[in-house]
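S.K.: Predicted model, plus sequence, below.
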Amino acid sequence: MNAPIDVSFFARAAKPITSYRPYWAKRFGVAPTLPMSRAEMEKLGWDSCDIILVTGDAYVDHPSFGMAVVGRVLEAQGFRVGIIAQPDWQSAEAFKALGKPNLFWGVTAGNMDSMINRYTADRKIRSDDAYTPGDVGGKRPDRAAIVYSQRCREAFKEVPIVLGGIEGSLRRIAHYDYWSDKVRRSIVVDSKCDLLLYGNAERALVEVAHRIAAREPIEHITDVRGTAFVRRPHDPTAEGWIEIDSTEVDMPGRVEDHINPYLTTSEQAQAQGATCSKEEGDAEPAAANPAIQPLKFMPNPALQSKRKPPARDRSVIRLPSYEQVKSDAVLYAHANRVLHLETNPGNARALVQAHGEGATSRDVWINPPPIPLTTAEMDFVFDLPYARSPHPVYADEHGKHDGATKIPAWEMIRFSVNIMRGCFGGCTFCSITEHEGRIIQSRSEESIIKEVEDIRDKVEGFTGVVSDLGGPTANMYRLGCKTPEIEAACRKPSCVYPGICSNLTTDHGPLIKIYKRARELRGIKKVLIGSGLRYDLAIKSPEYVKELVQHHVGGYLKIAPEHTEGGPLSKMMKPGIGSYDKFKQLFEKYSEEAGKKQYLIPYFIAAHPGTSDEDMMNLAIWLKKSGFRADQVQTFYPSPMATATAMYHTNLNPLKGISRDAQRAERVDIVRGDKRRRLHKAFLRYHDSNNWPLLREALKTMGRADLIGNGKHHLIPTFQPMTDGSYQSARRKNSTPVGKAVQPVAGRLLTQHTGLPPRVTGSAPGPKRKPR
């Protein structure tokens, strides 16, 4: 039986990425690493590159780095792929290093958003970059995807530009930009790229590459899922689509007049321009008398909503325009809500958003998300011949990558294995769902074990400890809906909030099997789990918690309750603290059974939308009662397109529906301003004496002076010690050790993060005082 056309694209089989006929250049074979210079190209026998990838990261040939995956996937299709990593963006010369690409440019800002990589949550410039050799900052421009696209256009104007990566994914529609505090246009418009591929784009990328190689103009490639592009008004390629207008909120539907009960049937018909022929008599035939019209039947408004909707695969939703969302917070929140409702590949519809007016008017068209990769396709992608190390150009004088040129991001994942993609948690402050989707894409057990063995046998420096078997989340491997039909029809933003969906499978058996098999391999001493854990899912499988705690924890396990209070947790779409308490009981039970002293390290977010000062105070009290002293404090960071960012910008809650009616729309308390953000961070670090003056003032204002005192039940003491002014950050380079004077560097702004030098007065130093 065939599924109805409006049920799901997801039910249809997508063309496998391994089924394309290889491009003719396949004869050149596999490169040890993709070339970054003309000399490397000549060594491979190439006279040119078919595709040149430009990235803001150093090139590490490892499946955890996006450009390596993209490059190797394209190479497997037969294309000659070159890489320009972290080029000098001051001119177009660095973009000509490999010559003119035969097919297209592939541009990305890197594994991280360039603005998040460059700036802290307080908009301070970071001094380091984990994706650069030597951990050196400043090797990529702000808004790198736009800058790189412009330089590629300058270098070779006629070559198409295909934009991808997380920076592009999170900016595919008009979005709030935290760093400039305004709404910016879609990156498709600002970068002037020919095509944007959003999400994990292997499927779209392979199709686009082969169609361009077949000499199809890129402006004609408008039917690929997971892509966005610009269309001019009245573009003939847009014909045949059914447009659904969603540019306004609170618009009433058609209103039918109430029937007057005091009118006769004849009078009612006459009021509607009809007549009842029996009451008019049969003196004259209806056809002979033009004044007599047949009775008209009007549709019943109660049945209007039951009409069959238009086919979803030919429907496009028109969002409020860029000009509208820029000036109207309600419409911005509405557009964000619609976008997040259209993320399931099984039922998502295309979106369109107008940018500009008059002669400059154009539409940004966003096709539905790509069909997730199958297990066989995931294995294909991860089994490609990666060197699993940085490019040789980054090696030090000893030919190693462990010294001054070490790349911290590579060091972190050097001995780890990515076993899955996607996340159905739906946390509002996180962008994984917008980029990778809710559908979990898992590798096979054999592919995972083979990679562990390859690390053991081939990776230099391996000591027998696998640092991680995980992904965006540690324990969502092979979890999903019980049936494809339910999964294809679902419109929920989260499978685990406000509770775990009854249609979600929570069987951790396949993951336990992999853990056990991996740790029993010859030469493997320990398999750690470093990815974030969904403890609300884990407690559904005590057997999984036992395996994890007794064999895969290196003394400390980091989990993220994020908060203890219901208000902020409801805005985050995170479970209540009760789930944490249940997991903590299991963790301590199994640790004791194994005779191990192990500890949970909870993570919390300060200043998240919906968080009041009282919420942070209650969290601080909980931390003290539980004996926790947070060293790493995470402040809410409004990333583009996240639901929590929409709350931050609009003061509205898109999770509850959007309306201009103040009684129907839910307002959200937003933590703005440096003083209030500092206060929320200070509550998390209540034990830091540098924060005590600020906390005393706040507690008195809140009427909670009873928490100030020198007893164990008090939050902070009444006395104030001589503080040393030190600041301890999770990033060592941003910390200020006590007594260490930092000499100012020309052009660098010094803050409490980077260290302030002693004030120079010009006077001679006085005699040293004897200590008392």
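M.R.: That came in fine, so what should we check first?
S.K.: Can you show me the strands along the stretch 451-600 of the chain?
M.R.: Taking DSSP state E, counting those that start in this stretch as the test, the strands found in the stretch 451-600 of the chain are 465-466, 468-470, 526-527, 556-562, 599-606.
S.K.: phi, psi of residue 330?
M.R.: The phi/psi pair for residue 330 (degrees, to the nearest 10) reads phi -60, psi -40.
S.K.: Count the residues that sit near it.
M.R.: 19 (other Cβ atoms under 10 Å). For glycine as for every other residue, the C-beta is placed from the backbone atoms N, C-alpha and C.
S.K.: State the distance from it to residue 171.
M.R.: Look at residue 330 and residue 171: by Cβ to Cβ, to the nearest Å, they are 21 Å apart.
S.K.: before we move on, what about residue 214?
M.R.: Distance from residue 214 to residue 171, by Cβ to Cβ: 30 Å.
S.K.: so what's residue 119 up against?
M.R.: Residues in contact with residue 119 (Cβ atoms under 8 Å, 6 or more residues apart in numbering) are 125, 126, 179.
S.K.: For it, list each beta-bridge partner.
M.R.: residue 125 (DSSP bridges).
S.K.: Okay, it and residue 176: tell me how far apart.
M.R.: 15 Å.
S.K.: since we're on the closest residue to residue 656 other than its chain neighbours, how many residues are nearby?
M.R.: Once flanking residues are discounted, residue 656 sits nearest to residue 666: 4.5 Å by Cβ to Cβ, 6 or more residues apart in numbering. The local packing of residue 666 (other Cβ under 10 Å) involves 18 other residues.
S.K.: now do residue 537
M.R.: By the criterion of other Cβ under 10 Å, residue 537 has 25 neighbours.
S.K.: residue contacts, residue 198?
M.R.: Contacts of residue 198 by Cβ under 8 Å, 6+ apart are 164, 168, 169, 172, 226, 227, 228, 366, 369, 435.
S.K.: Now flag whichever of those is closest to residue 399.
M.R.: Nearest to residue 399 among these, counting by Cβ to Cβ, is residue 164 at 32.2 Å.
S.K.: Tally up the residues packed near that closest one, please.
M.R.: If we define neighbours as other Cβ under 10 Å, then residue 164 has 29 of them.
S.K.: ok, it - contacts?
M.R.: 66, 70, 106, 107, 108, 196, 197, 198, 201, 205 are the contacts of residue 164 under Cβ under 8 Å, 6+ apart.
S.K.: Leaving out the residues flanking it, which one is nearest to it?
M.R.: In space, and not counting its chain neighbours, residue 164 is closest to residue 197: 4.4 Å by Cβ to Cβ, 6+ apart.
S.K.: Who does that neighbour form a beta bridge with?
M.R.: Beta bridges link residue 197 to residue 227 when assigned by DSSP bridges.
S.K.: where does this structure have low pLDDT?
M.R.: 1-13, 252-259, 271-291, 293-308, 723-772 (pLDDT under 70).
S.K.: in stretch 102-113, what's buried?
M.R.: Across stretch 102-113, burial judged by 16 or more other Cβ atoms under 10 Å covers 102, 103, 104, 105, 106, 107, 108, 109, 110, 111, 112, 113.
S.K.: Throw those residues into CSV and include distance to residue 487 and secondary structure, thanks.
M.R.: Below are the buried residues of stretch 102-113 laid out as CSV (distance: Cβ to Cβ, whole Å; DSSP: H, G, I helix; E, B strand; the rest coil):
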residue, distance to residue 487, secondary structure
102, 40, coil
103, 35, coil
104, 34, strand
105, 36, strand
106, 31, strand
107, 33, strand
108, 29, coil
109, 32, coil
110, 32, coil
111, 28, coil
112, 30, coil
113, 29, coil
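S.K.: burial of the residue nearest to residue 164, as a residue count?
M.R.: When counting by other Cβ under 10 Å, one arrives at 27 neighbours for residue 197.
S.K.: Also residue 458?
M.R.: 11.
S.K.: Wait, it touches residue 389, no?
M.R.: No - under the criterion of Cβ atoms under 8 Å, residue 458 is not in contact with residue 389, lying 9.8 Å apart.
S.K.: Would you agree residue 244 is in contact with residue 312?
M.R.: No - using Cβ under 8 Å, residue 244 is not in contact with residue 312, being 10.2 Å away.
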